[in-house]
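>>> Sharing a model that was predicted from the sequence below.
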Amino acid sequence: MSENTGKRNRSGAVKKALIAAFPKTIPIMMGFLFLGMSYGFYMKVSGFSFVYPLCMSLVIFGGSLEFVTVTMLLGSFAPVQTFLMALMIQARHLFYGIALLEKYKETGMKKAYLIFGMCDESFSINCATEVPENVDKGWFYFFVTVLNQFYWVAGATLGGLLGSVLTFNTEGLDFVMTAMFMVIFLEQWLKEKKHYTALIGVMVSAGCLLVFGADSFLIPTMICILCFLTAFRKPIEKAGGLL
């Protein structure tokens, strides 16, 4: 095989992965553009130029953490408290990483960005989507991740730029993400032959919410779900669950 033929094949594989990944990210695009813009507006109202949401969405890329960072930037210098807060807010990604160890195992140099760019939405798509056989999985995961970050960066930057000329009440925009996760949950429910994983997620979340309260239930929920999925891995896989 000539060098030019090899390049064309690689280019074709990359393009095919992009075409397969983009439709999966459209619901994320709608949510991220709205929420990203609201974040950009929030930064502008708080006294920061559009450069801040642009850089923070590129470097931090953690929606909840970025909103909290505004308060941290306006407060007193407290690096230890900031570190602990960031760790607590983003700790759920530890469990996401464990769940994706097998999927990301053979992604080569793309793995570094896949780890950095992982967010709730990219995790949901990459974990639940069955990549077509003729599509390179590594490139598919990469484009899901990079497209989702692009939507967030674009929304945050646009909000920062428009924040000085437009003002509106952003209350209620966070429901966009709730609706999006409901769509992802329903898609996974319809794909499963049995609904063991979905039922485990719902029941464990409800139980931890009752026990730990709304402010502290997320980490215990992740730990319990991981334990349940590990304990019942074989029965779930045998039943055709998405694990």
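Here it is on my side, so go on.

>>> could you point out which element follows the helix or strand bottoming out on mean pLDDT in the chain?
When each helix and strand of the chain is scored by mean pLDDT, DSSP states H and E, helix 175-191 comes last, with a mean of 68. Downstream of helix 175-191, the first helix or strand assigned by DSSP states H and E is helix 196-212.

>>> What pLDDT is listed against M56?
Note for M56: predicted pLDDT of 92.

>>> What residues sit buried inside the helix or strand where it lies?
Taking DSSP H and E as the criterion, the element that holds M56 is helix 51-59. Buried residues in helix 51-59, counted by 16 or more other Cβ atoms under 10 Å: Y52, P53, L54, M56, S57. No exception for glycine: its C-beta is placed from N, CA and C like everyone else's.

>>> Please tabulate those in a markdown table, including the columns distance to L87.
What follows is the buried residues of helix 51-59, written out as a markdown table (distance: Cβ to Cβ, whole Å):
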| residue | distance to L87 |
| --- | --- |
| Y52 | 22 |
| P53 | 22 |
| L54 | 24 |
| M56 | 17 |
| S57 | 20 |
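
>>> from those residues, which is closest to P27?
S57 (19.0 Å; Cβ to Cβ).

>>> Tell me where the model's unsure across the protein.
Scanning the chain for pLDDT under 70 picks out 1-9, 166-181, 184, 237, 239-243.

>>> those helices in it, which residues are they?
Residue ranges of the helices in the chain, as given by DSSP state H, are 3-45, 51-59, 63-74, 79-90, 92-99, 110-116, 120-128, 137-162, 175-191, 196-212, 218-231, 233-238.

>>> From the chain's centre, how far out is the third one? Work that out for me.
What separates the centre of helix 63-74 from the centre of its chain is 18 Å, taken as Cα atoms, centre = their mean, to the nearest Å.

>>> Which segments of this structure make up each domain?
3-170, 192-243 (automatic domain parsing).

>>> Could you export these as a markdown table, including distance to V183?
A markdown table is the format used below for those (distance: least, Cβ to Cβ, whole Å):
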| stretch | distance to V183 |
| --- | --- |
| domain 3-170 | 6 |
| domain 192-243 | 14 |
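
>>> Highest mean neighbour count out of these?
domain 3-170 (a mean of 17; mean count of other Cβ atoms under 10 Å).

>>> Determine how far that one lies from the middle of the whole chain.
6 Å.

>>> A21 and F83: what is the separation?
To F83, A21 is 33 Å away according to Cβ to Cβ, to the nearest Å.

>>> wait, I meant G108
From G108 to F83 the distance is 31 Å (Cβ to Cβ).

>>> Tell me which residues touch the residue nearest to I60 when sequence neighbours are not counted, please.
Leaving aside its sequence neighbours, I60 sits nearest to E66 (Cβ to Cβ, 6 or more residues apart in numbering; 5.5 Å). Applying Cβ atoms under 8 Å, 6 or more residues apart in numbering to E66 gives the contacts Y39, P53, M56, S57, I60, A156.
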